[in-house]
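>>> need coordinates for the following:
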Amino acid sequence: EGVANWSLEGISLMYLNDLNQRTSTSNNAAISFFLGIPLVILSYFFLRFFITRLSTELERLVKMLLFVPVNVLDTVTSVKVRVAILPPFFPLSLCITLIFCFPSLCLSSLQEFLETGDITASSSDATEAQEQQTKHILDGCEDAVLVIGAGRLVEMCNPAAERLSHFTSVELVGVDVNVVIPPDLGSNANFLKRITIDSTTKETTKVTIQQEIKFRTKEGPTIDALVSVSQSSARGKTIFGLFIRDITPLKQREEAITHEKQRAEAMLLNILPRALVKQMAVQSKTKNQIIANAYDEVTILFANICGFSQLTHNMDAEGVVLTLNSLVCQWDKMALSFGGAIEKIKTIGDIYMCCAGAPVAFPENAEAMVEFAVCILEGLKEFNKSQKQAISIRIGINTGRVVGGVIGLHKFVFDLWGDAVNVASRMQSSGVADRIQVSDATYQKLKDKGYKFESRGKVLIKGKGEMDCYLLDPICYENEGGQRLSYLVAGIAC
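Predicted structure coming up:
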C-alpha cells in the first residue's frame, strides 16, 4: 500500500512537471511571436532610413561630380585615398561603408576641396591645355578654319585659311568675315544671317547644315567652297567654327562628268529612240537585260531610190556618198519635224526604213506616215530641181502588228520584226516610181479620213501571192488653192 501510494504520487508529480514544461514552452513561443513582429517592423524602418540616406548621399555626390572636371577630380587626393582603401574592407564592411561612410566621406572631401578655391586654378589650367590642344588640331587641318565671334569678327584662323584666302592671320583676325564671304555673292547673304549673334540678347541661330558659298581671295577672284558650321560656347560666349573646303576641282570634275554624260546620251539617242533609252536605264538595275516589246498597230514605210546603182555608176565614191547622204539627211529632218511621231529605223543600202506607232504608240500612226511619205516626194522634187538631178523613188507602206527590240552586242539598233514589215517591203518593191503604194490594211484605216486612193486591183506579191494594193492620189493632199493639207499636225512644212 505504501509502495502504491508512492508510485501514484510520483506519477502525479511527473505529470505536473510535464504540464508545467509545456505551458512554459507555449508561453515562450507566444512571447517570441509578439516581440518578433515589432522587431521586424523596426528593422524595416531602420533599413529604409539608411537606404534613403544612401540614396540622398549618392545623389548629392553625383550632382557635385557633374560640376567637377575629371582632370580636377584627379587632384582631390582625399577622395582618391578613400576610394583606394575601400577594396580591402569591402567583403567585411560592405553595408556599413556603402550606407554610411563612403558617400559622406567623399562629399566632405569634395566640399573641403571646393571651399579652398583651388578648382578655379585647376580648371583654368585644364582649359588652357584644352585650347592649346584644339589649336594644334586646327593647325593640322587641311580645311580652312575661321572662328567667328560677336559681330561676325574673325577671332582665329588656321594656316589652311591663310593659304586659301592669301591673307595672313594678322590681316584676318579682328576683321569682318564679309572680307572673305561677301554678302552680295550667291547665297552668302542668307548664310551670314544664320551665323549672326545678337550682342544684346546673346541669342543665336544654330547652324547644323553644310552650304555652298562663294569665297573671295585677297586678289579678288572668288572660288566655290563648301562650308560646315560648328556652334559652341567658350568662356561664356558663343562662337562659330567655319570649316571651309575649296570645291573648285570637284565642280570641274562634276562639270566634265556631266558634259561626258550628256555627250554619251546624245550619241545613244542617235542610235536608239528616247523611250528605249529610258527603258534600258530602268532595266539596267534588274536582271532583265532584254529589250523586247510587242506593238499591236504600227505603220511601216520603205523608200527606195530607183536605179541608184545605174545613177551613180559614173560617180566617184565621194559623189555617191554625198548624194545619198543629202537625201537621207533631208528625210531625217522631215521625220524630226513630226515631233517624234516618225521613228527612223535604219538604212539598208539605198533603202530608207521608218515607222510610226513604235516605240511610242498613238492611234494616228497611218495618217502620220502617209503625210511623211508626201513630204518625201515633195522634198525630192526640190532636191532634183536644185541639184539638176532626175532621181525617182518608190514608197511602200503597210500597217500591222510587229515586235520591236534591240539585239546584239555591238552596233546595236532598234529594229522591227513581223509579217507587217515584210509586206511593207513588198509594197515598196512592187510599187510605182514617185508614187506611194499602200496595203489593204493601211487603206482601210485611211479611206474615210479624206484621202483618195487609186486601186491597182490584185497585185502579185513575192512570198504572199495576190494582194489588194492602192496608190495614193497625188491631188488628195492639196486643197483647191494647191496648198498641202495636214491631218495630223497643222502647219508642218515638208
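>>> got any ranges where the stretch 151-300 of the chain has weak pLDDT?
Scanning the stretch 151-300 of the chain for pLDDT under 70 picks out 196-209, 234-236.
>>> could you rerun that using 80?
194-209, 232-237, 281, 284-289 (pLDDT under 80).
>>> tell me which stretches of it form helices.
Ranges of helices in the stretch 151-300 of the chain, per DSSP state H, counting those that start in this stretch, are 159-165, 169-172, 188-194, 248-271, 274-283.
>>> tell me which of the ones you listed lies nearest to Ala361.
Judged by Cβ to Cβ, the one of the helices of the stretch 151-300 of the chain that comes nearest to Ala361 is helix 274-283, at 10.0 Å. All C-beta atoms are positioned from the backbone trio N, CA, C, and that covers glycine.
>>> so that closest one versus helix 248-271, what angle?
Put simply, helix 274-283 runs at 120 degrees to helix 248-271, going by axes from the mean of the first three to the mean of the last three Cα atoms, to 10 degrees.
>>> so that it lines up with my notes, have the first residue be 3 from now on.
With 3 as the first residue, the last one maps to helix 276-285.
>>> for helix 276-285, name the packing helices and strands.
With contacts taken as 3 or more Cβ pairs under 8 Å, 6 or more residues apart in numbering; DSSP states H and E, helix 276-285 sits against helix 250-273, strand 293-307.
>>> just the residues contacting the longest one, thanks.
In other words, helix 250-273. 225-226, 279, 414-416 (Cβ atoms under 8 Å, 6 or more residues apart in numbering).
>>> contact partners for Ser230?
212, 244-245, 247.
>>> kindly tell me how buried Thr136 is, as a neighbour count.
For Thr136, the count of nearby residues is 14 (other Cβ atoms under 10 Å).
>>> where's it relative to Glu130, distance?
When distance is defined by Cβ to Cβ, to the nearest Å, Thr136 is 11 Å away from Glu130.
>>> can you check Phe51 too?
Taken as Cβ to Cβ, the span from Phe51 to Glu130 is 47 Å.
>>> run a quick neighbour tally on the residue nearest to Arg276 when sequence neighbours are not counted.
In space, and not counting its chain neighbours, Arg276 is closest to Gly342: 7.8 Å by Cβ to Cβ, 6 or more residues apart in numbering. Each residue near Gly342 was counted by other Cβ under 10 Å, and the total is 13.
>>> for Gly342, helix, strand, or coil?
What DSSP: H, G, I helix; E, B strand; the rest coil gives for Gly342 is coil.
>>> wait, it touches Val362, no?
Yes: here Gly342 reaches Val362: they are 6.7 Å apart, a contact under Cβ atoms under 8 Å.
>>> now the common contact residues for those two.
Both Gly342 and Val362 lack any common contact, where contact means Cβ under 8 Å, 6+ apart.
>>> that older thread, now the residue nearest to Arg276: how far from Ala363?
Counting by Cβ to Cβ - Gly342 and Ala363 are separated by 12 Å.
>>> kindly report the same for Gly243.
Note on Gly243: its distance to Ala363, by Cβ to Cβ, is 59 Å.
>>> kindly report the same for Ala146.
57 Å.
>>> name the residue in those two with the higher neighbour count.
Applying other Cβ under 10 Å to Ala146 and Ala363 shows that Ala146 carries more neighbours, namely 23 against 13.
>>> and the closest residue to that one other than its chain neighbours, how many residues sit next to it?
Once flanking residues are discounted, Ala146 sits nearest to Ala163: 3.8 Å by Cβ to Cβ, 6+ apart. Look at Ala163: counted by other Cβ under 10 Å, it has 24 neighbours.
>>> pretty sure Ala163 contacts Thr170?
No: when contacts are counted by Cβ under 8 Å, Ala163 is not listed as touching Thr170 (10.1 Å).
>>> can you tell me the helix or strand for Thr136?
Assessed by DSSP states H and E, Thr136 sits inside helix 120-141.
>>> got it, and Val42?
Per DSSP H and E: Val42 is located in helix 4-68.
>>> contact partners of stretch 427-442?
In contact with stretch 427-442 (Cβ under 8 Å, 6+ apart) are residues 304-306, 308, 353, 372, 375-376, 379, 382, 394-401, 425-426, 448, 455, 458, 461-466, 469-474, 476.
>>> and the nearest residue to Leu187 once chain neighbours are set aside, bridged to which residues?
Once flanking residues are discounted, Leu187 sits nearest to Lys216: 3.9 Å by Cβ to Cβ, 6+ apart. Beta-bridge partners of Lys216, counted by DSSP bridges, are Asp226.
>>> ok, Lys216 - contacts?
Contacts of Lys216 by Cβ under 8 Å, 6+ apart are 183-184, 187-188, 190, 224-227.
>>> who wins for neighbours among the residues you listed?
Most surrounded of these: other Cβ under 10 Å gives Ile183, at 26 neighbours.
>>> what about the stretch 353-496 of the chain, any weak spots by pLDDT?
For the stretch 353-496 of the chain, the stretches with pLDDT under 80 are 413, 476-496.
>>> helices of that one, residue ranges please.
For the stretch 353-496 of the chain, the helices defined by DSSP H, counting those that start in this stretch cover 367-389, 421-431, 442-448.
>>> wait, Ala426 touches Arg396, no?
No: with contacts counted by Cβ under 8 Å, Ala426 stays clear of Arg396, the gap being 11.9 Å.
>>> so between those two, which is more surrounded?
Set Ala426 next to Arg396 and count neighbours by other Cβ under 10 Å: Ala426 wins out with 31 against 21.
>>> and the more buried one, how far is that from Gln439?
Distance, Ala426 to Gln439, by Cβ to Cβ: 10 Å.
>>> need the overlap of contacts for these two.
Joint contacts of Ala426 and Gln439 (Cβ under 8 Å, 6+ apart) are 398-399.
>>> look up how far Gly420 lies from the closest residue to Leu418 other than its chain neighbours.
On the basis of Cβ to Cβ, 6+ apart, the spatially nearest residue to Leu418 that is not a chain neighbour turns out to be Val404, at 4.7 Å. From Val404 across to Gly420, the span is 4 Å (Cβ to Cβ).
>>> phi and psi next, for the closest residue in space to Met317 that isn't next to it in sequence.
With Cβ to Cβ, 6+ apart as the measure, Thr325 is the residue that lies nearest to Met317, at 7.1 Å, once sequence neighbours are left out. Note on Thr325: backbone dihedrals following degrees, to the nearest 10 are phi -70, psi -50.
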